[in-house]
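Trainee: Pasting a predicted model and its sequence here:
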Amino acid sequence: MKPPATAPHVAILDDEPEIRRMLSDALEEAGFRTTSFGRATEFEAALKRAAPDVCLVDLGLPDRDGLALVHRLALESGAAIIIISGRAQVQDRVTGLELGADDYIIKPFDPAEVVARIRARLRKGRADTGQTAQSARFAGWTAHFDRYLLVDATGVETPFSHAEGEVLRLFLDSPKRLISRAQMQEALGGAAGESFDRAMDVRISRLRTKLGEDPKNPRLIKTIYGAGYIFLGDVIWG
């Protein structure tokens, strides 16, 4: 049975036809709509016509650097980005997350795991967009979650990724309260452990940079060693 037109849309970019078919079959059986691409040029052209909810991106592409594509998607797209790659080295995973990916799945994989991770990511996204306010003001900044932009007091705009936006919203929803690593994992999804901790460190570091924070003495996002983080700004939503 074909998924309805209102079902979440997953775009699959992988140069291996077998993997595209396997992912498409598993996702459509789970109720998702899918489109599949073997080349980045086709994928990018399709994104200009319709924005998917999730992008599954292989790094080993024949016509584009996969990491550069992930970085551009993170800056320009509101879609969740999940890397699926045979590159299993820790540094590859860290680089992918640093460039804005929401998750990193290593080949070979179980399609059921991919489906579960996509569902978890979309549940989190729906929780975010369920709020009526899509902008917040704090410490001279305005965060626009509908446009993925930070705007400073002079009007200069700085884009942030979907992944960075998830963390920023979590902080802005709970200012001046300690947020533990366990609370972050529960709120944002993903498997607990070293990979999740590293992903959070990367996202928080990138947010601090975009907010002009002194990395040695940040004034807004404070690390409480062994406990978690506290966002110290006053926040006004809407």
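Mentor: Here it is on my side, so go on.
Trainee: Which parts of this structure are strands?
Mentor: 9-13, 33-37, 54-57, 80-85, 103-106, 135-138, 141-144, 149-151, 157-159, 179-180, 221-224, 228-231, 236-237 (DSSP state E).
Trainee: looking at the ones you listed, which is closest to residue 47?
Mentor: Residue 47 sits nearest to strand 9-13 of all those, at 7.2 Å, using C-beta to C-beta. C-beta coordinates here come from the backbone N, C-alpha and C atoms, glycine included.
Trainee: and residue 202, which of the strands of the chain is closest to it?
Mentor: strand 103-106 (11.3 Å).
Trainee: which residues sit against that closest one?
Mentor: Contact with strand 103-106 is made by 80-88, 93, 96-97, 113-114, 117, 121, 190, 195, as judged by C-beta atoms under 8 Å, 6 or more residues apart in numbering.
Trainee: Per-residue pLDDT of residue 161, please?
Mentor: pLDDT recorded at residue 161 is 76.
Trainee: if I read this right, it contacts residue 148, doesn't it?
Mentor: Yes - shown here, residue 161 and residue 148 form a contact pair, counting by C-beta atoms under 8 Å, at 7.1 Å.
Trainee: Of the two, give the one with the bigger neighbour count.
Mentor: residue 161 (26 against 19; other C-beta atoms under 10 Å).
Trainee: Counting neighbours, which of the contacts of strand 103-106 end up buried?
Mentor: 80-85, 87, 93, 96-97, 114, 117, 121, 190, 195 (16 or more other C-beta atoms under 10 Å).
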